[in-house]
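Engineer: Build me a model:
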Amino acid sequence: MNNLKSKHAQYAWCLYDWGSSGWLLFISYIFSNYFTNVLASSPNKGTILWGNMLTVSGILIALICPVVGIITDESKSSLQYLKITTYLTCLCALAFWFATPSIHSFHFLLIAFIGMICKDLSTMFYFSFLSKVSNTKNIVKISSKGAGMGFMGGQICLILILTLFVNENYRFLNLDQSTYQHVRIAGPFLCLWLYFFSIPLFNLNYKKSSTDISLRKFTTAAKKAITNAQNLKNNHNTIFNFLVMRALHTDGL
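Structural biologist: Next comes the predicted model:
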């Protein structure tokens, strides 16, 4: 049985960030541009639709994350939820390959919307698992190492995509530019990248718990989240304001 406090488990945790950080760059620099300039009827309309999609997904995430987080903490099933949301994110990335210029823009936005929600949820589950692979002495060190690997992994993933597929001077595969295959291939590449680097973490022998989310359990967790937020605002108003402002700032970025 793998020791969750071992170096192996800690590096597996950090390696997941290496693989998952490519999604944000992928969405921000490749497919947002592809949507506004290719799929949308006009760049201006595409920019508005893309911005609206990000806004709605951000608001939804802000509403459901505290609730799902409480359910996850109480059921001690963060790794199982992380697997589910990661696999769904992989499927959304893979689906971008089918976003041909003839696809309806709404279908593409729906894929991106689901992918954004799954990715943000997986990030929450990922960080909630940090306490399982660390202790009070090394939690900051491991968290910092994971963040550093995430930055490097995301940049390297983007560089590989731009170099191997998008770059006009060098093409790794003979892809049809008229249907933007050299751009759409970024989706399957990201899918494999994320899946491959999540394997070490998912292979840890962690005790499985129930991942069932009933309506009653969700309602109870929602009430608890509201109560916690009210208590935080009443007793620690400065911290509450800081968390709200940080959430708005992060979402804006």
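Engineer: what's the first-to-last distance across stretch 36-50?
Structural biologist: Length of stretch 36-50, first residue to last, C-alpha to C-alpha, to the nearest Å: 8 Å.
Engineer: Contacts for that stretch, please.
Structural biologist: Ser32, Phe35, Ala99, Pro101, Ile103, Ser105, Phe108, Leu109, Tyr180 (C-beta atoms under 8 Å, 6 or more residues apart in numbering). Bear in mind the C-beta positions are built from the backbone N, C-alpha and C, glycine included.
Engineer: Check stretch 149-161 too.
Structural biologist: 14-15, 17-22, 24-26, 29-30, 186, 189-190, 193, 197.
Engineer: mind redoing it with 10 Å?
Structural biologist: Counting contacts by C-beta atoms under 10 Å, 6 or more residues apart in numbering, the residues outside stretch 149-161 that touch it are 11, 13-26, 28-30, 123, 126, 166-167, 172, 182-183, 185-187, 189-190, 193-194, 197.
Engineer: Now list the buried members of those.
Structural biologist: 11, 13-26, 30, 123, 126, 166, 182-183, 185-187, 189-190, 193-194, 197 (16 or more other C-beta atoms under 10 Å).
Engineer: Double-check Ile199 against Tyr16; I have them as touching.
Structural biologist: Yes - counting by C-beta atoms under 10 Å, Ile199 touches Tyr16, with 9.3 Å between them.
Engineer: In the helix or strand hosting Ile64, which residues are buried?
Structural biologist: Per DSSP states H and E, Ile64 falls inside helix 43-75. Neighbour counts over helix 43-75 (16+ other C-beta under 10 Å) mark 46, 49-50, 53-54, 57-58, 61, 64-72, 75 as buried.
Engineer: mean confidence for that helix?
Structural biologist: Average pLDDT, helix 43-75: 84.
Engineer: next one: stretch 6-17
Structural biologist: 91.
Engineer: hmm, back to that, tell me the helix or strand right after the helix holding Ile64.
Structural biologist: Later in the chain than helix 43-75, the nearest helix or strand by DSSP H and E is helix 78-95.
Engineer: and the next helix or strand along the chain from that following helix with helix 78-95, angle?
Structural biologist: The element immediately downstream of helix 78-95 (helix or strand, assigned by DSSP H and E) is helix 105-128. Compare the direction of helix 105-128 with that of helix 78-95 by axes from the mean of the first three to the mean of the last three C-alpha atoms, to 10 degrees and you get 150 degrees.
Engineer: what comes up buried for helix 105-128?
Structural biologist: Per 16+ other C-beta under 10 Å, helix 105-128 contains these buried residues: 105, 108-109, 111-128.
Engineer: how far out from the middle of the chain is that helix?
Structural biologist: Offset of helix 105-128 from its chain centre (C-alpha atoms, centre = their mean, to the nearest Å): 6 Å.
Engineer: Keep only those of the buried ones among the contacts of stretch 149-161 that are in helices.
Structural biologist: 11, 13-20, 22-25, 123, 126, 182-183, 186-187, 189-190, 193-194, 197 (DSSP state H).
Engineer: what about the protein, any weak spots by pLDDT?
Structural biologist: 1-3, 73-76, 170, 206-225, 229, 240, 243, 246-253 (pLDDT under 70).
Engineer: Show me how it divides into domains.
Structural biologist: With domains defined by automatic domain parsing, the chain comprises 7-208, 214-253.
Engineer: Give me the most central residue, the chain.
Structural biologist: The residue lying closest to the centre of the chain (C-alpha atoms, centre = their mean) is Lys119, at 2.2 Å.
Engineer: which residues does that residue contact?
Structural biologist: 20, 23-24, 26-27, 57, 61, 85-86, 88-89, 92-93, 194.
Engineer: same question, Ser102
Structural biologist: Leu39, Thr179.
Engineer: Let me see the backbone angles for it.
Structural biologist: phi -90, psi -10 (degrees, to the nearest 10).
Engineer: swap in Pro101?
Structural biologist: Torsion angles, degrees, to the nearest 10, at Pro101: phi -60, psi -20.
Engineer: and it, how far is that from Gln181?
Structural biologist: Separation of Pro101 from Gln181 (C-beta to C-beta, to the nearest Å) stands at 11 Å.
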